[in-house]
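>>> no FASTA, just this:
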C-alpha cells in the first residue's frame, strides 16, 4: 500500500493593518511626490540622448507641476483627515455624536463654572423588538428614537448615541440639571405611545439615569457616565419608564449586592442552601394534595436573608440558573417518595429566558424517572411579560414533556383574558393580597370571584395562597377554590416533616376506610 499522504498546512501570519495618523495622511503623499519629482529630474539630467535647450523653462515647468500636484494632494489629504476625524466621533446609523464626542464635550464644559448635566437614555425591551421583528426594524426604531430624542432636546442640549439601544444628552448652565430632567420626562411621555415602523406599531419605552458635575464638585466624564448608568439601572429596577438621579446610596447598595452575590457563590459550593416544602390542601377535605418547593439559605451566624432579598440578586447575576436547577433536582428527588402528591417548583424570568432550561428539565425528568404530570412549574406575570415570545416558546417545550404550568401571584400584575388564553395555564394561584382584601372589601371580593369564574371558563384549577385565618379559608372555599395554601394549615418545613405528615395522612385515611367497611 502506498504511504499515507501527509497534509501540510501552511499558516501565514496576518499582517497588522496599517494605521496612519492625520499628520501622516498629509505628509506621506507630499514626500512621495517630492521623491518622484526629484527622481524624474535626476533621470532626465543624466540621459545624454536628451539635450536640454532651455533648462530654466524646464525647471519652471517642473516646479509648477510639482506645486499643482501638491495642491491637489493637499486638498484631498485634508478632506480625508477631516472625514476620518468626523467618522471617529459620529455614529454611523443615526449621525449623532458618539461616546468619544460625549467625553470630549463633558471635559470641555467642565473647564467653565457652569453645571454640567448628563442623561443616559436606555430603550426598554429593545431586544424583544429585534427578536420579534428583526434587526432591520430594530435599526429603524433606533433612527426614529434618535430623531425623537433630538426633537425633545432641541438646541438646548446635545444628543449622542453611545451604542446599541443607549443614548445620552448633555446640557450646561446654572440650572442645567433641572431643565434636562424636564426634557427627559417629556421624552418619556412621547415614548408612551407606540412607534410606527412600516406596517408595525412597535411599543418601546425608556429608562433614564441622570448625573451632574458642578463647579464645586467636578466629576470626570467617565465617572459622570458611570453614575448616570447606575441611576438608569435603578430606573429599570424600579419599573422602567422613569427618570432617576444618581444618589450615593446607590453605590453602597451595589457594594452590598456584590457582597451577597459572592456569598451566594460560596454558599452553593459549601452546601448552605436547602429546600423547604409548604403543603397545599384540598379546599373541601383539607387533605394534602400538593407541596411547593421553597428555597432557603442557612447562613449560620451571619445575618439572615430571605428569598425576597437573595433571589433577585441571583437572578441579576445569572446564579439563579445553577441554583434553580439544584432546587429542581433536590425537590424531584424528595418528591419521588410522596406517592401521588403533586410538586410545585418556582422558576424565574431568567430561567425561562435561558434556552438551556427546557433541555435541563428534560434531563432531570429522564434521570430521576419522576412522573412529569406530577410536576408543576410556577411562573409570575412579570416573568412572562418581560419577553412573551421567548416565554411562550419555552413553555410549549416544557408542556411537551407533560409538565403543568401555574400562574403564581395572580391579582398583583396586569394579566388580561387574552394573556391567560395565550399561555393556557393549568392552574391559577390567587395572591395573598387578593385573599386578605376580599374579606373586608367588596370590590376585592368581586375581583376574586370574577377571577375564579374566569379560571373556570378557561379550564384552570384555582388555588388560594397566603391563607392565615379560618374566615379566609371559608371564603376561598365558598368562592370555588380547589386548593388552599397558608399558615392556617402548614408552614414551610423540611422534607422529613413532609414524610411524617403524609405517613399520618395515609394512616388516618386507612383507618377511616376500615371504619367505613366495618360499618
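All right, it came through fine. The shown structure was predicted, so the numbers you read here are calculated from the model rather than taken from an experiment.

>>> shaky segments in this protein?
1-88, 386, 413-416, 515-519 (pLDDT under 70).

>>> cutoff 80 now
1-89, 382-383, 385-387, 411-419, 512-519 (pLDDT under 80).

>>> tell me how far the ends of stretch 404-424 are from each other?
10 Å (C-alpha to C-alpha, to the nearest Å).

>>> ok, and what's touching it?
Surrounding stretch 404-424, the residues in contact under the criterion C-beta atoms under 8 Å, 6 or more residues apart in numbering are 342, 344, 346, 373, 375-382, 384-385, 388, 391-392, 395, 398-399, 425-431, 433-434, 447-448, 451, 454-455, 458, 460, 463, 465. Backbone N, C-alpha and C define where each C-beta goes, glycine included.

>>> just the buried members of these?
Among the contacts of stretch 404-424, the ones that count as buried by 16 or more other C-beta atoms under 10 Å are 342, 344, 346, 375-381, 384, 391, 395, 398-399, 425-431, 434, 447-448, 451, 454-455, 460, 463, 465.

>>> now, which of those lie within strands?
Among the buried ones among the contacts of stretch 404-424, DSSP state E puts 342, 344, 346, 375-380, 427-430, 463 in strands.

>>> biggest separation within those, which pair?
375 and 430 (21.3 Å; C-beta to C-beta).

>>> so how far is residue 163 from residue 222?
Taking C-beta to C-beta, to the nearest Å as the measure, residue 222 falls 15 Å from residue 163.

>>> quick one on the thing from earlier: I'd like the ones in strands among the buried ones among the contacts of stretch 404-424 laid out as JSON lines, including distance to residue 325.
What follows is these, written out as JSON lines (distance: C-beta to C-beta, whole Å):
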{"residue": "342", "distance to residue 325": "20"}
{"residue": "344", "distance to residue 325": "16"}
{"residue": "346", "distance to residue 325": "13"}
{"residue": "375", "distance to residue 325": "14"}
{"residue": "376", "distance to residue 325": "17"}
{"residue": "377", "distance to residue 325": "13"}
{"residue": "378", "distance to residue 325": "16"}
{"residue": "379", "distance to residue 325": "16"}
{"residue": "380", "distance to residue 325": "19"}
{"residue": "427", "distance to residue 325": "23"}
{"residue": "428", "distance to residue 325": "26"}
{"residue": "429", "distance to residue 325": "23"}
{"residue": "430", "distance to residue 325": "28"}
{"residue": "463", "distance to residue 325": "25"}
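
>>> now, which of those sits nearest residue 111?
For these, the nearest to residue 111 is residue 380 (50.3 Å; C-beta to C-beta).

>>> In contact with the closest one, which residues are there?
When contacts are counted by C-beta under 8 Å, 6+ apart, residue 380 touches 349, 407, 408, 409, 413.

>>> so it bridges to which residues?
residue 408 (DSSP bridges).

>>> any idea how far it is from residue 105?
Residue 380 is 43 Å from residue 105, by C-beta to C-beta.

>>> And residue 343, by the same measure?
In terms of C-beta to C-beta, residue 343 sits 58 Å off from residue 105.

>>> got it, and residue 204?
26 Å.

>>> Neighbour count for the two, which is higher?
Using other C-beta atoms under 10 Å, the more surrounded residue of residue 204 and residue 105 is residue 204, with 23 against 20.

>>> Please indicate which of the contacts of residue 380 are buried?
349, 407, 408, 409.

>>> Between those, which sits nearest residue 212?
Out of the buried ones among the contacts of residue 380, the member with the shortest distance to residue 212 (by C-beta to C-beta) is residue 349, at 33.3 Å.

>>> looking at it, that closest one is touching residue 314, isn't it?
No. Counting by C-beta atoms under 8 Å, residue 349 does not reach residue 314; the two are 11.9 Å apart.

>>> on that earlier part again, how about JSON lines for the buried ones among the contacts of residue 380, with distance to residue 190 added?
Formatted as JSON lines, the buried ones among the contacts of residue 380 follow (distance: C-beta to C-beta, whole Å):
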{"residue": "349", "distance to residue 190": "28"}
{"residue": "407", "distance to residue 190": "33"}
{"residue": "408", "distance to residue 190": "35"}
{"residue": "409", "distance to residue 190": "32"}
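
>>> Turn the contacts of residue 380 into TSV, columns for distance to residue 265.
Compiled in TSV, the contacts of residue 380 are given as follows (distance: C-beta to C-beta, whole Å):
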residue	distance to residue 265
349	21
407	31
408	27
409	28
413	31
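
>>> Now do the phi/psi pair for residue 166.
phi -110, psi 130 (degrees, to the nearest 10).

>>> before we move on, what about residue 369?
phi 70, psi 20.

>>> if you skip the residues just before and after it, what's nearest to it?
Leaving aside its sequence neighbours, residue 369 sits nearest to residue 336 (C-beta to C-beta, 6 or more residues apart in numbering; 7.6 Å).
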